[in-house]
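Novice: when you get a sec, could you give me coordinates for this:
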Amino acid sequence: MAVKQNNTEANEPDATSGGGSQASNGGSTVVGSSKSVKISTDEGGGAKLDTPTNQQQQQQQDNQLAIRGEVGNAMSLIQKEIKSLLNIMQGINPEDRHSTLLRYQLVIHGLANMQLTTTNTKDLILFKEEIVQVGNMLMLPNKKEYLMFYLSIVYQLISQSDNDTKPPSVAVAIVFKLFSDELIDEAVQSLLDQNVQDETIRKTVGLLCTWLRVCNFCSNLNSWIMALLRGLRRQEKYQLLDEIAMDNIDMLFNHMIFPALRHKVAPIVFHMLATINQAPQIFHKLLPRIPRVIETIKKQANNMDESSIESRRSIQKLVDLFNALMMRFYDNDDLYAPLKDVLQMYEPSRDCVALARAMLENALPRNARVGLVNLGNTCYMNSVLQALAMTSDFVRQILLIESNSLLLVKMQQQIALMHHSMRYELTPSRVLKATRPPGFTPGLQQDSSEFLGYLLDLLHEHEIGAHNAQQMLDTEGAQSKALKEGAKEPRNNEIVDEIVAAGVIPYNSKDYELCRSTVVVVPHAATPTNTTLPMPKKPPSTIDKTFAGKLSTTYKCLSCDWESRNEDSFRELQLSFPDNDCKDDCSAIGGASNYSVQDLIDYYCSPEKLDGDNQYFCPSCKKLCDAERRIAITQAPRNLILTLKQFKYDQKYHFRTKLMHKVFHDESVIVKVCAMDSLQETCMAHYDLYAGVVHAGYSMDSGHYFTFAADQSKNWFKFNDSLVTDSKPQEMHSLTSPNTPYILFYQMCGRSTDSDSSANGLMHPMVPLPQIPPLKLDELPRKLRDYVNQDNREYTEELKSQHFKQQAKRNNNNSTVSDNGTMTRNGYEGDDEDDQTPPPTGGCGGNDLSMNFNRFVY
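Specialist: Now for the predicted structure:
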């Protein structure tokens, strides 16, 4: 419903002395008597009066009478509708909860459908009184659960409105009036925790901003808007906040000329402008309107009434805010000349400098998130690091590790900066030096999947190694105690069972042997027998806890039905494409086939016949036989890494070529989990896609890697080395050859177990798993937090120095800053051989254009 009302609340004066004037671009119409005089402009820009003839005057009077009659009929209809709604609520039986909720739902739907098209003050006052009666009846249950129920209905009505249907009437705003300030914050948090769609939230805030002007019976709409903006900022939905500000800032800023609305809209306007992320267009959109608004408020400040003091305060806040914004977005200095002329008569307060500093410190990097500089074909590393940095439980656990391993410390510092640095790009040279696999030649393109496997194994070994070193120290003390007190000799298999029960998943043969040899023989002086002392339980590594799963591979001889089964651990599944589609011409774009990730997972776990050159040696038959191999997942990992085997070795040309299969990377996949003993399906693990490494090119030895990834709020980003932009899942779905998904990261979101009571093998509904919240800066370990804060302080000083240099360049045309406006790396001495010289030209990391890359080294 669109409610047309005066610019102020009922019984409030207009912002100008003209009282009832209504302005438009083509002229204005002065309304206040039975006659109307239209003021238009002639070709020379002067004003002229268009006096209507007697016939026109009579026609206008008839039209006004007809409109008043229609409005009167409309108000009578609204009164009948409200009376009907009141009757519905009076018949409520509080003991019948189901019927009560249905009646309240009917009432709210009735409010949403009310239409009001009057600007008559008396009618508006009457409408307010009628709606307040409905609100009082809605408030009678006086229970929070009822208020939340009302809110859910209103939100559903808003979300269902679109371009073809009208939004709910302003009458439903009475529901928002029922909430206290404390309950508003709780309701908003509950709403945002449901991962609602960004477009729906955007529509909701926009409607509340519209109602803010026309609704004279709900005094806390501004509190709802502010709570929503703060909640979205806590969820780091900065792009959505910029979009909301872009939609509404113009309208809200215009409302500041009305004293009756200023105390409501001013805090919203100040908040939107002070927290702009990376959209100076929000500020620039107001530039043509600022002079008129300031001039109007200035006239109000000169009046000797109660509002004059508040008007003067508003002008001062606007002056400080606009000066701070001009300092924040100094790159657009040429646009600000008219604004500076307006503001030159006003002196900024001390708060202006503090406000500008807060904007600078709280502003996000120029990128949507922190990027990584390419050090010469190192996109294979950057893409993997960005994907791991978006793995929430991995990040949380690795940042909380207490270890003296230099590798782990470097990784902790790198990931902490990727989440909390104010810089818009980092140079990961120390991590590159510490994690480059043997055989990876500097400056050449490498396989990102191979790097990922090596990095996970390296992190695992360093964490386990640090734990074993501590374990040795603890064991020496335990041995000394055992010599004195004696110890009972446990059996080896008991120790292994304890370790496996603790959740340790042996990943390679070395770990398995470690599990089998955790017995220390201690000679006892008093007896001829040996006393064995078990080592303390080895906790699973961060890599095991976040990425490791188990699978069982069964071989069945088709000649004698003999079966062999192997149990293995995995950190990634390498998904192959069906052989019958992999022809010699499969690398041609036209010969590519279409698959989904779910198809490839099902194919991976399907029976495979081993025959021909691929026969199986049967220990029972003592010869090569046809056999069947089947893989079953027996323990699902918390995070599932899938590598799509898009590359194959060409036997004829001795070259690793790329398969151009079109893969639809499902946003959700299901993995069937089987029992270890019977291999019968016991449950299904549900996964959601949160990251994907993409390879662009025709060969593994060339091309480029970049990553799509989402945070826990489902905000998607595209990480292309140092450039990070906002993205949508559709961008990843619409990839075209030679851009193909290579490594996909899925996070377990729930499980569904087998239904015992079901004879047909149906599953119980999925039980969702709780999300692991990311660590805030103040939750990091002390050393790590101090490290990040120190780097941010240094970056702030670098920005200030850069700003002063640019100011000096504009003033005297003599600057030490490069022509492209970026900051040089003064005084930096790299600690990696790759960073001592520019990257080689060509490939994805070339620097042959002599560009000044802003590489910040942590």
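
Novice: okay, CA-based contacts and neighbour counts for the rest of this
Specialist: Will do.

Novice: so for this protein, the centremost residue is which one?
Specialist: What sits nearest the mean C-alpha location of the chain, by Cα atoms, centre = their mean, is residue 715, with 3.0 Å.

Novice: mind pulling up the pLDDT for the nearest residue to that residue once chain neighbours are set aside?
Specialist: Among residues not flanking residue 715 along the chain, residue 237 sits closest, at 7.2 Å (Cα to Cα, 6 or more residues apart in numbering). Each residue has a pLDDT score; the one for residue 237 is 82.

Novice: was I right about residue 237 contacting residue 717?
Specialist: No: the pair residue 237 / residue 717 is not scored as a contact, 11.9 Å apart, by Cα atoms under 8 Å.

Novice: the more surrounded of those two?
Specialist: Neighbour count, other Cα atoms under 10 Å: between residue 237 and residue 717, residue 717 has more, with 21 against 18.

Novice: quick one: residues contacting that one.
Specialist: 368, 369, 708, 709, 710, 724, 725, 726, 727, 728 (Cα atoms under 8 Å, 6 or more residues apart in numbering).

Novice: is it in a bridge, and if so with what?
Specialist: residue 709, residue 726 (DSSP bridges).

Novice: can you report phi and psi for the residue nearest to the centre of the chain?
Specialist: Torsion angles at residue 715 (phi, psi; degrees, to the nearest 10) stand at phi -80, psi 120.

Novice: how close does it get to residue 428?
Specialist: For residue 715, the distance to residue 428 equals 24 Å [Cα to Cα, to the nearest Å].

Novice: again with residue 789
Specialist: Between residue 789 and residue 428 the distance is 18 Å, computed by Cα to Cα.

Novice: between those two, which is the more surrounded one?
Specialist: Ranked by neighbour count (other Cα under 10 Å), residue 789 and residue 428 place residue 428 first, with 25 against 16.

Novice: you'd agree residue 705 is up against residue 696?
Specialist: Yes: Residue 705 lies in contact with residue 696 (Cα under 8 Å); the separation is 6.2 Å.

Novice: more neighbours: those two, which one.
Specialist: Using other Cα under 10 Å, the more surrounded residue of residue 705 and residue 696 is residue 705, with 30 against 21.

Novice: doesn't that one lie inside a strand?
Specialist: Yes: according to DSSP: H, G, I helix; E, B strand; the rest coil, residue 705 belongs to a strand.

Novice: tell me the spacing between it and residue 368.
Specialist: Computed with Cα to Cα, the distance linking residue 705 and residue 368 is 19 Å.

Novice: before we move on, what about residue 115?
Specialist: Applying Cα to Cα, the value for residue 115 to residue 368 is 43 Å.

Novice: nearest residue to residue 372 in space, please, no chain neighbours.
Specialist: Once flanking residues are discounted, residue 372 sits nearest to residue 722: 4.4 Å by Cα to Cα, 6+ apart.

Novice: measure the one you found to residue 441 for me?
Specialist: Taking Cα to Cα as the measure, residue 722 falls 22 Å from residue 441.

Novice: by contact count, what packs against the host helix or strand of residue 189?
Specialist: Assigned by DSSP states H and E, residue 189 belongs to helix 181-192. Helices and strands touching helix 181-192, by 3 or more Cα pairs under 8 Å, 6 or more residues apart in numbering; DSSP states H and E, are helix 221-234.

Novice: mind saving the C-alpha coords of the helix it packs on as PDB?
Specialist: What follows is helix 221-234, C-alpha atoms only, in PDB (Å, rounded to 0.1, in the frame of the first residue of the first chain):
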ATOM      1  CA  LEU A 221      11.100   2.300  12.900                       C
ATOM      2  CA  ASN A 222      14.400   4.100  13.000                       C
ATOM      3  CA  SER A 223      15.500   1.700  15.800                       C
ATOM      4  CA  TRP A 224      14.700  -1.200  13.600                       C
ATOM      5  CA  ILE A 225      16.700   0.200  10.700                       C
ATOM      6  CA  MET A 226      19.700   0.900  12.800                       C
ATOM      7  CA  ALA A 227      19.500  -2.600  14.400                       C
ATOM      8  CA  LEU A 228      19.400  -4.200  10.900                       C
ATOM      9  CA  LEU A 229      22.400  -2.100   9.700                       C
ATOM     10  CA  ARG A 230      24.500  -3.000  12.800                       C
ATOM     11  CA  GLY A 231      23.500  -6.700  12.500                       C
ATOM     12  CA  LEU A 232      24.600  -6.800   8.900                       C
ATOM     13  CA  ARG A 233      27.900  -5.200   9.700                       C
ATOM     14  CA  ARG A 234      28.500  -7.800  12.400                       C
END
